[in-house]
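**Q** got a sequence here, can you build the structure:
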Amino acid sequence: MPPTQSLSAELRALPRPFWVLCAGMFINRFGTFVYPFLTIILHRRGFAYGEIGLAVGAFGCGGLGAALAGGWFADRFGRRRAIVLGTCANAVFVFLLYWARTLPEIMGCAGLAGFMGGFFQPAGSALVADLVPEHLRLRAYAALRLAINAGFACGTATGGFLVNHSAFWLFAGDALTTAAYGLLAFWLLPQGLRHNRQQARWSEAWVRLRRDGRFWALLAAQFCAALIMLQSTSTYSLEVADRGLVLEWGGWRPTPEQVFGMLIGWNGVLIVGCEMALTRVTQRFSPRRVMCYQRSRKTDPLTLV
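**A** Model (predicted):
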């Protein structure tokens, strides 16, 4: 259905704790310094490409089961506790990653940092559903994504400068901003909904999910998309650095690492500038129509599914 309120009216109707969550997400994503530049840092330390792949893979493997564990924890013990635990633990392991020198140490710290970094993400999304009325949730999630991508866009550009000046502050800044999100959640966010042991059972969830073909189709599509998109924080950084890409901008000549930070930050800038307006247009269509296109069986032109 078409929106019945103006954009400003919808945003004003969102509750105060939601904006606290947006602020926390912005701070956290602004400090996402380590993961996008990890391949560059390890390459400078003399690790081979295969070893760098193992380290980055450990980061990803750590996050693989994090959402499942974090989602269960948020349901069982509350959203705020999941956010505080995940952010504080992630800050510790990111900081320890700076001091790791051997490949096993790096893989261990990266895996634990990846796990705890993904652990608190479901709690934030669930808290939005707890706080925001159903008719405003699409707008709320769009605003939350705007905050996340604004932080990411600013943070990656900043990380491009830090990686050339102080690797220590690259790791310390990531850890401090993540911990700041946890402290903000501890003091200002509500606990959110909690479920008892019977309500938070994985066995019941699995029974429902295993028969839901649409869920598994969406999961497969998300996996394939992520497989490509996550190259932006692994092989893409090495490609930009190895090619020595530079810019000339009014006498300023950023290094390849700074160029890489600005390139991936540009993605966030586009989302910040376009997503809210596009969401207002596309919310009148079903989600499946917005996400997918297929050729009509009757006509040649592309039509919405």
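**Q** CA atoms for contacts and neighbours, from now on please.
**A** OK.
**Q** please point out which parts of stretch 163-182 sit buried.
**A** Residues 163, 167, 169-182 are the ones in stretch 163-182 that count as buried (16 or more other CA atoms under 10 Å).
**Q** among those residues, which one lies nearest to Leu21?
**A** Top of the list for closeness to Leu21, among the buried residues of stretch 163-182 and by CA to CA, is Tyr181 at 8.6 Å.
**Q** element containing the closest residue to the closest one other than its chain neighbours, please.
**A** In space, not counting the residues next to it along the chain, Tyr181 is nearest to Gly24; the distance is 4.7 Å by CA to CA, 6 or more residues apart in numbering. Under the criterion of DSSP states H and E, Gly24 resides in helix 16-30.
**Q** what are the C-alpha coordinates of stretch 217-233, in CSV please?
**A** C-alpha atoms of stretch 217-233 as CSV (Å, rounded to 0.1, in the frame of the first residue of the first chain):
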residue,chain,number,x,y,z
ALA,A,217,15.8,-20.3,-1.5
LEU,A,218,16.4,-16.9,0.1
LEU,A,219,19.3,-18.3,2.2
ALA,A,220,21.0,-19.7,-1.0
ALA,A,221,20.5,-16.4,-2.8
GLN,A,222,22.0,-14.5,0.1
PHE,A,223,25.0,-16.8,0.3
CYS,A,224,25.7,-16.4,-3.4
ALA,A,225,25.5,-12.7,-3.2
ALA,A,226,27.7,-12.5,-0.1
LEU,A,227,30.3,-14.8,-1.8
ILE,A,228,30.8,-12.1,-4.4
MET,A,229,30.2,-8.9,-2.3
LEU,A,230,32.7,-9.9,0.4
GLN,A,231,35.5,-9.9,-2.1
SER,A,232,35.4,-6.1,-1.6
THR,A,233,37.1,-6.7,1.8
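**Q** where does pLDDT dip in the stretch 201-305 of the chain?
**A** In the predicted model of the stretch 201-305 of the chain, residues 201-205, 233, 276, 280, 288, 291-305 satisfy pLDDT under 70.
**Q** now with 50, please.
**A** Counting by pLDDT under 50, the low-confidence segments of the stretch 201-305 of the chain come to 293-305.
**Q** so which residues of it form helices?
**A** 202-209, 213-229, 235-243, 256-282, 287-291 (DSSP state H, counting those that start in this stretch).
**Q** CSV for those, including mean neighbour count and distance to Pro122?
**A** Written out in CSV, the entries for the helices of the stretch 201-305 of the chain read as follows (neighbours: other CA atoms under 10 Å; distance: least, CA to CA, whole Å):
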stretch, mean neighbour count, distance to Pro122
helix 202-209, 11, 15
helix 213-229, 11, 15
helix 235-243, 16, 27
helix 256-282, 19, 21
helix 287-291, 11, 20
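**Q** among those, which is nearest Cys61?
**A** With distances scored as CA to CA, the stretch of these nearest to Cys61 is helix 213-229 (12.8 Å).
**Q** one step back: show me the contacts for the residue nearest to Tyr181.
**A** By CA atoms under 8 Å, 6 or more residues apart in numbering, the contact list for Gly24 reads Ala180, Tyr181, Gly182, Leu184, Ala185.
**Q** looking at the buried residues of stretch 163-182, which two lie furthest apart in space?
**A** Farthest-apart pair in those is Val163 and Gly182; separation 24.8 Å (CA to CA).
**Q** nearest to Leu146, of the contacts of Gly24?
**A** Within the contacts of Gly24, proximity to Leu146 (CA to CA) peaks at Tyr181, which comes in at 16.7 Å.
**Q** which residues does that closest one contact?
**A** Applying CA under 8 Å, 6+ apart to Tyr181 gives the contacts Gly24, Met25, Ile27, Asn28, Val84, Thr87.
**Q** please tell me which one of these counts the most neighbours.
**A** Neighbours were tallied for each of the contacts of Tyr181 (criterion: other CA atoms under 10 Å), and the maximum of 29 neighbours falls on Thr87.
**Q** tell me the contacts of Gln121?
**A** With contacts defined as CA under 8 Å, 6+ apart, Gln121 is in contact with Ala67, Gly70, Ile83.
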